[in-house]
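Q: need coordinates for the following:
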Amino acid sequence: MSEQAQAENNKETLKFESEVSQILHLMIHSLYSNKEIFLRELISNASDACDKLRFESLSNADLLTDDTELKIQVEYDEDNKTITVRDNGIGMTREEVIKNIGTIAKSGTKEFLENLTGDQAKDSNLIGQFGVGFYSAFIVASRVELKTRSAKVDAKQGVHWQSEGTGEYDLAEVEKADRGTEIILHLKEEESELLSGWRLRSIITKYSDHVPLPIEMHEEKQAGEEEADAETSEEIKWEVVNKASSLWTRAKSEVSDDEYKEFYKHVGHDFADPLAWSHNRVEGKTEYISLLYIPSKAPFDLYEPNQTHGLKLYVQRVFIMEDAEKLLPRYLRFVRGVIDSSDLPLNVSREILQGNKVIDSMRSGSVKKVLGLLEGIAKKEPEKYQEFWKEFGKVIKEGPGEDFANKEQIAKLLRFASTKDDKEDQNISLDDYIGRMKEGQDSIYYITADNFNAAKNSPHLEIFRKKGIEVILMYDRVDEWLMGSLNEYDGKSFVSVAKGELNLDKLSDQDEKEQQKKVEEESADIVKLIKENLQDRVEDVRVSHRLTTSPACIVLNEHDMALYMQNLLKQAGQQMPTTKPTLEINPSHPMLIRMNGETDLDQVKEWSMLLFEQAILAEGGQLENPADFVARLNKIMLDLAG
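A: Numbering: from 1, shown residues only. Purely as a prediction, here's the structure:
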């Protein structure tokens, strides 16, 4: 029985997952302006399949059988109007075909659809980034066939898949002698210009020249040679049409910027050019080559715990594994590229990577290269560094808590907003801040808040604004965690303006100190009264040295977490320790002056509660009983209305 007949006998028709149907519709009807990317995507998938086989064969040599030369082949048939891309990689089982092509379990599809802009050129470039590259075949093909056999099963368990991209696909078992995958594109009538050896070669050179596997095509013959071949029935010869070399092994002087950029797009599964790269050959006790890229845009899964596409680990130019998380710390998870070791064993596993001295050395060296690269950009190209910070700043802020050894160098890379210009842009370095510190100032003042406006308008800043002391405004949610790890920089300690007792003696003159002492003495009675009214809710009540225009503010203990962060963790189901804040009051405020002269103690108690609750809300906290607050506020408004 022929393979086709066998396929017909075993054929089963299945429906695509709804998200896949959306992708197919997009490919067929929208992304035709940059149609040649289909070949880039299919070759990239074939390369990945060969890499996976090479890795698995290290522990199971039988997978290779006698076909040890991994390669990719591209051919076309003008008569049948087809283009075929085949590889002798790992192949797929029936279940894997359904999982990888019939459905998309990853979040990539949803993210892909959400990121579409309507600009065909931009949207076509998103294909590879979001892992839906196979479907790009339907940009040029009216029907796509796939024949595959996993290296782990016998020849009778091959799979034949085909679809016209209309919402369903046919699946059948066939006999396939060779392992690997073959994809046959039945081109649309208007795509016949692709049926040219020169055209296909130019696409391969443009997008896939850097693939470290040979990409073969039939040798192109001149007219006279074709006639001679026809007479002698000479066997068709294949020729390699890409450089097929490991780009990172070449000397930097031999690699052009364009080659570096194209290799990044392959290894980083990205469409945009990288922001920067570092190519290094390390020799000595540990020998390895690293080619590390900084992307220009954050990947869609940057904050996902199971993020993929990190560094690729090679051993003596043999691919070992992707996303080798031991090669870089989490805060540098956006870095793409390859590390090729001469010292690791070829049968290296993820378990061997744990605590391995060679890995530790490569990790340490790579971290220093990346941080050095970023430091150089920040110093020489500040505008370019701002582009990087907008994409990856929040991730870099994870660094001081993860990488104690490089804490100072990471801190140098941090950027913040501040009261210097009250703008939301995070473009002020700690060195910038220190360079503007007041005479006698020995601390770096900062405030954390849930958002920029909450930070900028915090009552805790009032005395600092009056004295012209710059305060760093932190409003990313990672900032509270960051400051738990960053205690000082360049010999200057960090001080939160919203926590602990404020000591500005070195920045105050003698008259100010005497005036503060006088106010505290004159306000002793009202402080005592408010403390009695709020004794179950506050740790202490004291006269504030922070406030100039607000009546009161909440001050936390030095090591307490900000109220907005406490609320977030409570909402996430985490238990938080019960702590009482301190209430600071501004005796010169009209409300406090009125309270100080009030003889109705019940009224003073109501106002004390209102002061406290307002201060809680201003700090980003939540009230235990909002209804009581509203009732109390309504009562006061009615009393004022007479």
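Q: only C-alpha atoms from now on, for both contacts and neighbour counts.
A: Noted.
Q: starting at the chain centroid, how far to stretch 431-443?
A: The chain centre lies 33 Å from the centre of stretch 431-443; the measure is C-alpha atoms, centre = their mean, to the nearest Å.
Q: how about stretch 65-74?
A: 35 Å.
Q: please enumerate residues in contact with that stretch?
A: Residues outside stretch 65-74 that contact it (C-alpha atoms under 8 Å, 6 or more residues apart in numbering): 43, 46-47, 50, 83-89, 213-217.
Q: tell me the buried residues in it?
A: For stretch 65-74, a neighbour-count test (16 or more other C-alpha atoms under 10 Å) marks L70, K71, I72, Q73, V74 as buried.
Q: let's see which of the contacts of stretch 65-74 end up in helices.
A: Using DSSP state H, the members of the contacts of stretch 65-74 that fall in helices are I43, A46, S47, C50.
Q: tell me how many other residues crowd L311.
A: L311 has 27 neighbouring residues, counting by other C-alpha atoms under 10 Å.
Q: who touches it in this structure?
A: E322, D323, A324, E325, L327, V335, R336, G337, V338, I339.
Q: repeat that with 10 Å
A: The contact partners of L311, by C-alpha atoms under 10 Å, 6 or more residues apart in numbering, come to 267-268, 290-293, 321-328, 333-339.
Q: mind exporting the C-alpha coordinates of the helix or strand hosting F38 to PDB?
A: Applying DSSP states H and E as the criterion places F38 in helix 37-57. Provided in PDB are the C-alpha atoms of helix 37-57 (Å, rounded to 0.1, in the frame of the first residue of the first chain):
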ATOM      1  CA  ILE A  37       9.800  35.500   6.900                       C
ATOM      2  CA  PHE A  38       8.100  32.100   6.600                       C
ATOM      3  CA  LEU A  39      11.400  30.500   5.500                       C
ATOM      4  CA  ARG A  40      13.200  32.100   8.400                       C
ATOM      5  CA  GLU A  41      10.700  30.600  10.900                       C
ATOM      6  CA  LEU A  42      10.700  27.100   9.400                       C
ATOM      7  CA  ILE A  43      14.500  27.000   9.300                       C
ATOM      8  CA  SER A  44      14.700  28.200  12.900                       C
ATOM      9  CA  ASN A  45      12.300  25.500  14.000                       C
ATOM     10  CA  ALA A  46      14.300  22.900  12.100                       C
ATOM     11  CA  SER A  47      17.500  24.100  13.800                       C
ATOM     12  CA  ASP A  48      15.900  23.800  17.200                       C
ATOM     13  CA  ALA A  49      14.800  20.200  16.400                       C
ATOM     14  CA  CYS A  50      18.400  19.300  15.500                       C
ATOM     15  CA  ASP A  51      19.700  20.900  18.600                       C
ATOM     16  CA  LYS A  52      17.200  18.900  20.800                       C
ATOM     17  CA  LEU A  53      18.300  15.600  19.100                       C
ATOM     18  CA  ARG A  54      22.000  16.400  19.600                       C
ATOM     19  CA  PHE A  55      21.400  17.000  23.300                       C
ATOM     20  CA  GLU A  56      19.300  13.900  23.900                       C
ATOM     21  CA  SER A  57      21.800  11.800  21.900                       C
END
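Q: ends of stretch 566-575, how far apart?
A: In stretch 566-575, first residue to last residue: 9 Å (C-alpha to C-alpha, to the nearest Å).
Q: any idea whether L70 is helix, strand or coil?
A: Assigned by DSSP: H, G, I helix; E, B strand; the rest coil, the conformation of L70 is coil.
Q: same question for the one 3 residues further on.
A: For Q73, the secondary structure call by three-state DSSP comes out as strand.
Q: quickly list what it is bridged to.
A: R86, E216 (DSSP bridges).
Q: let's have the chain start at 58 instead
A: New numbering, starting at 58: the last item is Q130.
Q: which strands and helices lie in contact with the longest helix belonging to the chain?
A: The longest helix of the chain (DSSP H) is helix 414-437. In this structure, helix 414-437 packs against strand 333-339, strand 345-351, strand 393-398, helix 407-410, helix 439-453, helix 464-470, with contacts taken as 3 or more C-alpha pairs under 10 Å, 6 or more residues apart in numbering; DSSP states H and E.
Q: now these in a markdown table, with distance to N514 and mean pLDDT?
A: Rendered in a markdown table, the data for the helices and strands packed on helix 414-437 read as follows (distance: least, C-alpha to C-alpha, whole Å; pLDDT from 0 to 100):
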| stretch | distance to N514 | mean pLDDT |
| --- | --- | --- |
| strand 333-339 | 38 | 95 |
| strand 345-351 | 36 | 96 |
| strand 393-398 | 40 | 92 |
| helix 407-410 | 49 | 64 |
| helix 439-453 | 22 | 96 |
| helix 464-470 | 26 | 96 |
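Q: taking those together, which one is wrapped up most tightly?
A: Among the helices and strands packed on helix 414-437, strand 393-398 has the highest mean neighbour count (mean count of other C-alpha atoms under 10 Å), at a mean of 25.
Q: run me through the strand neighbours of it, direction for each.
A: Sheet pairing here is set by DSSP bridges, and for strand 393-398 it gives strand 345-351 (antiparallel), strand 368-372 (parallel).
Q: D136 is nearest to which of those?
A: Closest to D136 of the strands paired with strand 393-398 is strand 368-372 (C-alpha to C-alpha; 41.0 Å).
Q: what average pLDDT does that closest one get?
A: Taken as a whole, strand 368-372 has an average pLDDT of 85.
Q: go on, stretch 504-518?
A: Average pLDDT, stretch 504-518: 93.
Q: returning to what we had before: what's the helix holding F95 packed up against?
A: Other helices and strands packing on helix 94-114, by 3+ C-alpha pairs under 10 Å, 6+ apart, are strand 129-134, strand 139-144, helix 177-186, strand 237-244, helix 254-265, helix 314-324, strand 375-379.
Q: weakest of these in terms of mean pLDDT?
A: helix 177-186 (a mean of 48).
Q: picking up where we left off before, most neighbours among the contacts of stretch 122-131, please name it.
A: G146 (31 neighbours).
Q: among the buried residues of stretch 122-131, which two are most distant?
A: Using C-alpha to C-alpha, the two most remote members of the buried residues of stretch 122-131 are L127 and V131, lying 13.8 Å apart.
Q: domains in this protein, as residue ranges please.
A: For the chain, automatic domain parsing gives the domain ranges 60-297, 304-441, 568-613+627-698.
Q: between the two ends of the last one, how far is it?
A: Think domain 568-613+627-698. 41 Å.
Q: that domain: how far from the chain's middle?
A: Offset of domain 568-613+627-698 from its chain centre (C-alpha atoms, centre = their mean): 43 Å.
Q: cool, and the longest one?
A: Using C-alpha atoms, centre = their mean, we find the averaged C-alpha position of domain 60-297 to lie 29 Å away from the chain's own average C-alpha position.
Q: pLDDT weak spots in the stretch 208-357 of the chain?
A: Scanning the stretch 208-357 of the chain for pLDDT under 70 picks out 279-291.
Q: try it again with 90
A: By pLDDT under 90, the low-scoring segments of the stretch 208-357 of the chain are 222-226, 262-269, 276-293, 299-303, 319-320, 322-329, 341-342, 355-357.
Q: and the closest residue to F509 other than its chain neighbours, its phi and psi?
A: Closest residue to F509 apart from its sequence neighbours, by C-alpha to C-alpha, 6 or more residues apart in numbering: Y532 at 5.4 Å. Main-chain dihedrals, Y532, degrees, to the nearest 10: phi -140, psi 10.
Q: so M652 is in contact with I583, correct?
A: Yes - the pair M652 / I583 is scored as a contact, 7.7 Å apart, by C-alpha atoms under 10 Å.
Q: quick check: neighbours shared by the two?
A: Contact criterion C-alpha under 10 Å, 6+ apart; residues shared by M652 and I583: P644, V661.
Q: can you pull the pLDDT of E670?
A: 92.
Q: look up how far M694 lies from it.
A: Using C-alpha to C-alpha, we find E670 at a distance of 16 Å from M694.
Q: SS state for F391?
A: In three-state terms, and counting by three-state DSSP, F391 is coil.
Q: my read: it touches L332, true?
A: No - distance between F391 and L332: 11.8 Å, which falls outside the contact criterion (C-alpha under 10 Å).
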